[in-house]
Structure formats: structure tokens, C-alpha cells
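> My questions are about this predicted structure, shown below with the sequence.
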Amino acid sequence: MPLSRRRFMILAASVASTAVLSNESRADVPVLSESDPTALALGYKADAGKVDKARFPRYQAGQTCANCQLFQGKPGVPNGPCPTYGGKLVDAKGWCNAYVKKA
């Protein structure tokens, strides 16, 4: 799959924010709301099964935040920070259009 300019910019911003957020305490990090403007733009759903497949045709069954390269939570945790959303906690069972399969 070729890397579009939009996806490159999302990934670049995510990587850049990772360095800033890695030093901050995670104890008081807010949970991402599906009504957050960035979440709405990227089609974030806390439950990947509820993704609008007509609007986001890139979604494929089995894709979740837990197996996304951007997800910074430890394996098996219910949620973890995501640099796409400024380090807010996303649900491990969630999905958004910034999804990149873990290598």
C-alpha cells in the first residue's frame, strides 16, 4: 500500500509527539472521546466492530488499536496512549483511519 501524503503527515506528527509525551506522567492522561474533533475526523471508534465501513473502506476485520504501530500501550492492557491524539488513551479494541499494521 503506497504511503499517501496525508498518512505520512499523520505518522510524522505522531512520531514527533511521541518524543514530547514519553517524558510525561501517564497517570492523569485523559481517555479519548469518540466526539473529539480529531477522533471524528479519523473515524475513531472505541469498538472496531462499529467502524463505518462505507466511510472508511481501509478498515479490515481484525484491525484494532492494540495491533497498530502507533499504539503505545503494553500488550494485554485495555487502553494505551496514542500519539495521533496527543497521547490520550485509546481503547485497545478501537480503530481509526491512522491505523498502521505493527511490523
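Ah, there it is.

> For stretch 80-96, list every residue counted as buried.
For stretch 80-96, the neighbour count (16 or more other Cβ atoms under 10 Å) marks 80-92, 94-96 as buried. For glycine as for every other residue, the C-beta is placed from the backbone atoms N, C-alpha and C.

> what element comes up after the least confident helix or strand in the chain by mean pLDDT heading to the C-terminus?
The helix or strand of the chain with the poorest confidence is helix 5-21; it has a mean of 68 (mean pLDDT, DSSP states H and E). As assigned by DSSP states H and E, the chain's next helix or strand after helix 5-21 is helix 37-41.

> Tell me where the model's unsure across this structure.
1-3, 15-27 (pLDDT under 70).

> if I look at Leu89, how far off is Leu32?
Separation of Leu89 from Leu32 (Cβ to Cβ, to the nearest Å): 6 Å.

> overlap in contacts of these two?
By Cβ atoms under 8 Å, 6 or more residues apart in numbering, Leu89 and Leu32 have these common neighbours: Cys82.

> How about residues contacting stretch 84-92?
By Cβ under 8 Å, 6+ apart, stretch 84-92 touches 10, 13-14, 17, 21, 24, 29-32, 36, 38-39, 42, 44, 46-47, 64-66, 70-71, 73, 77-82, 96, 98.

> filter those to the buried ones?
Burial by neighbour count, 16+ other Cβ under 10 Å: within these this picks out 10, 14, 17, 21, 29, 32, 36, 39, 42, 44, 46, 64-66, 70-71, 73, 79-82, 96, 98.

> Assign a three-state SS to the residue found closest to Pro75 once you drop the neighbours it is linked to in the chain, would you?
Of all residues not flanking Pro75 in the chain, Ala66 sits nearest, at 7.5 Å (Cβ to Cβ, 6 or more residues apart in numbering). Put simply, Ala66 is helix when judged by DSSP: H, G, I helix; E, B strand; the rest coil.

> Quick one: residues contacting Ala66.
Per Cβ under 8 Å, 6+ apart, neighbours of Ala66: Gly73, Pro75, Gly80, Ala92, Lys93.

> now it: how far from Tyr85?
Counting by Cβ to Cβ, the gap from Ala66 to Tyr85 is 15 Å.
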